[in-house]
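Participant: Here's my sequence, what's the structure:
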Amino acid sequence: MMVQERSRGSVQVGSRVPIATGQGAQFQYQSVGMTIECRPIGRDGSVSLDLHVDVEGLLKPEEAGLSAAERNPVFRTNIFRSEAVIPLGKPTVVGAMDDVASNRRYEIEVTATKVR
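Facilitator: The predicted model follows:
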C-alpha cells in the first residue's frame, strides 16, 4: 500500500457470508476478512505509523467447541492498534495477534520506503 505522508490509507480484503435468519430464504450477511488502515508521518530516517488492523473471521463449529448439529455461526474478531516508529527500508514486526480459537498467529510486518 502506498500512502502519502499525513494521509490515511486503507485496504480491505474479505467476503460477505450469508447467515440464515429464519425459515426459507431469509439471510443476513456478515463481513469477514481483514482491514488495514494506516497514517504515516515522516521523520529523519524513519516513519511514525498510526496503524489499525482488524481481522474478522467465521469459526468452524468444531473450532468454536460446538457440535455439527449446532448451526449458529461463531464470529471471531482480532483488533490491533499501534503507533510505531519504523526505520526506512528495514522490515519491522510492529505487532502480533494470537487467535486462541484456531491456534493461528498473525504477525504484522511493515517496511517503510520513501518514494520520490
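
Participant: Looks like residue 49 contacts residue 84 (just checking).
Facilitator: Yes: the pair residue 49 / residue 84 is scored as a contact, 5.3 Å apart, by Cβ atoms under 8 Å. Using the backbone N, CA and C atoms, a C-beta is placed for each residue, glycine as well.

Participant: so what sits against both of the two?
Facilitator: 94, 110 (Cβ atoms under 8 Å, 6 or more residues apart in numbering).

Participant: what mean pLDDT would you report for stretch 27-44?
Facilitator: Mean pLDDT, computed over stretch 27-44, is 91.

Participant: same check, this time on stretch 47-60
Facilitator: Here the average pLDDT along stretch 47-60 is 89.

Participant: Mind listing residues that contact it?
Facilitator: 14, 17, 30-42, 73-86, 88, 94-95, 97, 99, 101-102, 106, 108, 110, 112.

Participant: How about stretch 93-110?
Facilitator: Applying Cβ under 8 Å, 6+ apart, the set of residues contacting stretch 93-110 is 49, 51, 53, 55, 57, 59, 63-64, 76, 78, 80, 82, 84, 86, 91-92.
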